[in-house]
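Participant: structure of the sequence below:
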Amino acid sequence: MLYLRLQPGYEIKAKPGSMVAMDATVQIKGKLKFSVKKVFTGGEMSESIFTGPGEVMLAPETWGDIVPIHLDGRTEWSVGKDGFLACTTGITRSTKSQGLGKALFSGEGLFVHHVSGQGVMWVTSLGAVFSRTLQPGEQWIVDNGHLVAWTAKYKVERVDAGGFFSASHTDEGLVCRFTGPGIVYCQTRNPETLGEWIREQVPQTSGN
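Facilitator: All right, here's what the predicted structure looks like:
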């Protein structure tokens, strides 16, 4: 859970529905962010704005880590469709296309959040979060269902790994090959793989 104590007049922008509790002194309002793009992609169409003074407690839909990322005003971040939780007011979030090929095979869909500005952004994960800082020219391969946020460029590759990599979308493994410089945040759980595991644990019932 994310605990934030806001000074008088200080604002925080958060994902709609993420508020768990807050002091009665905190004001909350919703901001509509309409675009045709979001209608077709199912993206978020609003954000909740909390204004201090007081404490706000936020939590994502699923269990996992919440990690702060400090934006320096120069570097743009990409965040997976379910990774964003909250940010300070100096940060701007937009939804942009990552290309049809990456949309089909990266596990993140056609549009991802592009985040820029100066301040703090909190991202959330399914499971634990870990990060890797890549030096110029350094490469790192990430399973397609484990991305949270990144600054490094990547391309999607099909890998015949004999089941070593998850095969969420095809019979072969699909991975993202990142090339530095940049930072990559990953999550330890793959949503589709976890969903398949949960379904396997549910007893099957047969009709009479």
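Participant: from here on, contacts and neighbour counts on C-alpha atoms
Facilitator: Fine.
Participant: and the top strand by length along the chain, how far out from the chain middle?
Facilitator: Criterion DSSP state E: the longest strand present in the chain is strand 111-124. When C-alpha coordinates are averaged (Cα atoms, centre = their mean, to the nearest Å), strand 111-124 and its chain have centres 9 Å apart.
Participant: just after it, pick out the following helix or strand.
Facilitator: For strand 111-124, the succeeding helix or strand toward the C-terminus, using DSSP states H and E, is strand 129-134.
Participant: contacts for that following strand, please.
Facilitator: 64-67, 140, 152, 179-188 (Cα atoms under 8 Å, 6 or more residues apart in numbering).
Participant: tell me how far whatever helix or strand comes next after that strand is from the chain's mean position?
Facilitator: The helix or strand immediately downstream of strand 129-134 is strand 139-143, counting by DSSP H and E. Computed by Cα atoms, centre = their mean, the chain-centroid distance of strand 139-143 equals 17 Å.
Participant: any buried residues in strand 139-143, and which?
Facilitator: W140, V142, D143 (16 or more other Cα atoms under 10 Å).
Participant: list the helices and strands it packs on?
Facilitator: strand 173-179 (3 or more Cα pairs under 8 Å, 6 or more residues apart in numbering; DSSP states H and E).
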